[in-house]
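**Q** Show me the folded form of this:
(one chain, ligands or ions: 1)
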Amino acid sequence: MALTKEQLKDIETKLVELAAKQVGPLIKEHAGTQFEAFDDKANQVDLVTAVDKKIESIIKQSLSTLYPDFKFVGEESYEEDHTVIGKEPTFIIDPIDGTTNFIHGYPYSCTSMGLVENGVPVCGVVFNPHLDEMYHASAGNGAFLNGKPLKVTERELKLQQSVIALEAGSERSSGSSGDDNFDIKQATYRNLLSDQGGYIHGSRSCGSAAMNMCMVAAGKLDAYWEGGCWAWDVCAGWCILAEAGGIVVGGNPQEWEVPVDERCYLAVRGGCSQPAQKGFVKEFWSHVAGKLKYRW
Ligand code: IPD
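**A** Residues are numbered from 1 along each chain as shown. As a prediction, the model looks like this:
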């Protein structure tokens, strides 16, 4: 099955409705109330609350009624070694992206609802109810913020003059205690920020991969680089970014094409030529201080 532009627009509209009417109000109501009501997942900084689980089940229920033939992958129902993203239309959902922000009441938690077909993100809705920002897009239909087309101002893209989102994430094993990922990330930050390296204008962290992707889509950030985030963190934002003229490549050098579950990405804004985007990517990769490795 290949979904048509019209079908995708209809799915986008339904996801926007679900985000605005059901999910957003729950996130807004409970944000900043979960200071002690959270559990650890992989470790003490990988957090989940009962609200994440409740919202995922509301979304799953609603989407399985509307689209009974589509598959569903959600952050809270993911099972290592069992969850597979195939070619069939599959919703990839993070009920609350930015759970740490949600717990602490920092206003960058959102819902992130994406759809892939043949492994490619073809629809995405990211809603931050605190800022009342609804980013939405579907393949061939353009990208929007609260119903208005996302337009990135045309301008040069230069690594040295860029502002880039970087996230520590929740995998923080350092030194001899684990793999090298955390140390490679820290060394890469240094390479990018130092006056002896990329000397970029600055780095930012929304604390939400989906919000970072949307900020790049809107051209408010030039790029976003992270290793360790998951398909549900980036799927919706990926479609929004692509529709706004941006690109997503691998976070490791030479990986021009990566699957949605790669777990290591570099997202780059539009508003410039493709050669400029490619030049930016190559220069960025020259600062990556090793090979990041993550397991799906
Ligand atoms: C996390 C956020 C965070 C990113 C992590 C993600 P969650 O998702 O997007 O910004 O750095 O890699 O796992 O746990 O809040 O849904």
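
**Q** near the ligand, which residues of the stretch 101-250 of the chain?
**A** 167, 169-170, 207-209, 226, 228-230, 233 (Cβ under 6 Å from any ligand atom). Using the backbone N, CA and C atoms, a C-beta is placed for each residue, glycine as well.

**Q** Return the member of the residues you listed nearest to Val84.
**A** Of all these, Val84 sits closest to Trp230, with 13.9 Å by Cβ to Cβ.

**Q** Help me confirm that the closest one comes into contact with Cys264.
**A** No: here Trp230 does not reach Cys264: they are 10.7 Å apart, not a contact under Cβ atoms under 8 Å.

**Q** Identify the farthest-apart pair in the residues of the stretch 101-250 of the chain next to the ligand.
**A** The span of those, defined through Cβ to Cβ, is set by Gly207 and Trp230 at 14.9 Å.

**Q** per-residue confidence at the closest residue to Leu8 other than its chain neighbours?
**A** Leaving aside its chain neighbours, Leu8 sits nearest to Ser138 (3.8 Å; criterion: Cβ to Cβ, 6 or more residues apart in numbering). At Ser138 the predicted local confidence, pLDDT, stands at 98.

**Q** Could you pull up the contacting residues of Ser138?
**A** 5, 8-9, 11-12, 122-124, 239, 243 (Cβ atoms under 8 Å, 6 or more residues apart in numbering).

**Q** 10 Å - rerun?
**A** For Ser138, the contacting residues are 3, 5-13, 15, 115, 121-125, 144, 239-240, 243, by Cβ atoms under 10 Å, 6 or more residues apart in numbering.

**Q** Distance check, it against Asn128.
**A** 19 Å (Cβ to Cβ, to the nearest Å).

**Q** One more: Asp52?
**A** 16 Å.

**Q** in the stretch 51-200 of the chain, which spans are helices?
**A** Using DSSP state H, counting those that start in this stretch, the helices of the stretch 51-200 of the chain run over 99-104, 181-193.

**Q** Packing partners of the helix or strand containing Ala276?
**A** Here Ala276, judged by DSSP states H and E, is contained in helix 274-285. In terms of contacts (3 or more Cβ pairs under 10 Å, 6 or more residues apart in numbering; DSSP states H and E), helix 274-285 is packed against helix 181-193, strand 223-227, strand 247-250, strand 264-268.

**Q** Let's test this: mean pLDDT of the next helix or strand after the second one, rounded?
**A** Right, the one you point to is strand 223-227. Going down the chain from strand 223-227, the next helix or strand is helix 231-243, by DSSP H and E. Average pLDDT, helix 231-243: 98.
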